[in-house]
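Asks: Here is the input, now give the coordinates:
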Amino acid sequence: MTDSFPAYVDVDYTDGTDEEPAAYPSLTSKIEKAVEVTRRGLAEYQNPAVMWTGGKDSTLTLYFINEVADEFGFEKPTAVFIDHFQHFDEITDFVERWADEWGVDVVYARNEDVGEYVEERGLEPGDDIPVDALDEHNQHHVRDILEYEEETFPFLLDTYVGNHLLKTVALNDTLETNGIDGVISGVRWDEQDARADETFFSPRHDPDIYPPHDRVHPILQFAERDVWDAFWQHVVPEEVAAFPDDGYVPQSAGDLPDGVGWTDIPVSPKYVSGFRSLGSEVSTDKNTDEPAWLQDLESTTERAGRAQDKEDLMERLRDLGYM
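Replies: Okay, the predicted model is just below:
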């Protein structure tokens, strides 16, 4: 720990080392660990925030936060939504709907410099942006941090420069502006190789790279199937009064109990239409129209629909502060 990081934080940074989802063999054991980590995170940090993308993992994480905050009397942390200007409209609508329902304050992290340039010129994803058109802060990240030498870069989220400027820089600037000391995130061990070695409490203390903070990972131990099991066995029955409480799982997009619509359920409509992983509108695809939870989760890759350039660079991006 660096001298600049608050001394009041006392967490075990080794918790979860060399573990994998099999160390928590039942859904109950995974949930118990999630509650434990969430409770510790809300207790230890003076100004925590939860990363919320509108996806299943971050929404499940937010559910645990809501439950723990209500049961133990913690104030609900702010939710940080990274607005990278290339979202599916359904995602932002979903976040606004459930933020209102759950009484969650949302801060939108944006790289305003890039956003204003794009808006003023009516650029579309894939159009080039000159590096020298950026402000000094962003040019520093492109030239000095990323060591990018080209004169332009494409306005695309799932590229090295695009992801860093639109997501990581936007996030780090928001952490600094709001004085956030703990970032509660929905990453999972099985989701991506670059996340397989994470621990439940993970330090990010180098002030030369990001505002010093910790990452808190309550659902590391969940596999993709576990996430959906948690939704249909716990989240949805508890949040939707008209939904059966016996673990009912919809078998198609039209298979809902009487009086219940998808807007009543805290599951993004993109999953209902077949997406398994939610990235950007221009670089995320689906292979089927079958709802995500009904697909072959064990034998196929969850993030196969994501742009591969960013997936290949994930380790480097995470070193710079990407989730």
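Asks: I'd like to know how far Leu134 sits from Asp197.
Replies: Here the criterion is Cβ to Cβ, to the nearest Å. By it, Leu134 lies 33 Å from Asp197. Where C-beta positions appear, they are placed from N, C-alpha and C, glycine not excepted.
Asks: Which one's more surrounded, the two?
Replies: More neighbours surround Leu134 than the other of Leu134 and Asp197, with 20 against 12 (other Cβ atoms under 10 Å).
Asks: Hmm, Val114 and that one touching each other?
Replies: Yes: taking Cβ atoms under 8 Å as the definition, Leu134 is a contact partner of Val114 at 7.1 Å.
Asks: what does stretch 10-27 contact?
Replies: By Cβ atoms under 8 Å, 6 or more residues apart in numbering, the residues outside stretch 10-27 that reach it are 30, 33, 37, 40, 44, 188-190, 196, 198-203, 214, 217, 220-223, 226, 229-230, 233.
Asks: Buried only: go through those residues for me.
Replies: For the contacts of stretch 10-27, a neighbour count by 16 or more other Cβ atoms under 10 Å gives the buried set as 30, 33, 37, 40, 44, 188-190, 198-203, 214, 217, 220-223, 226, 229-230, 233.
Asks: mind listing which of the residues you listed are in helices?
Replies: Here DSSP state H is the test, and the buried ones among the contacts of stretch 10-27 give Lys30, Lys33, Val37, Arg40, Glu44, Asp226, Asp229, Ala230 as lying in helices.
Asks: Just to be sure, Val80 is in a strand?
Replies: Yes: in this structure, Val80 lies within a strand as judged by DSSP: H, G, I helix; E, B strand; the rest coil.
Asks: Please determine how far it is located from Glu198.
Replies: 19 Å.
Asks: what do you get for Thr92?
Replies: 27 Å.
Asks: Gly126 too?
Replies: On the measure of Cβ to Cβ, Gly126 and Glu198 end up 32 Å apart.
Asks: Over to Pro237?
Replies: Separation of Pro237 from Glu198 (Cβ to Cβ) stands at 30 Å.
Asks: correct me, but Gly115 touches Phe85?
Replies: Yes: at 5.7 Å, Gly115 counts as touching Phe85 under the criterion of Cβ under 8 Å.
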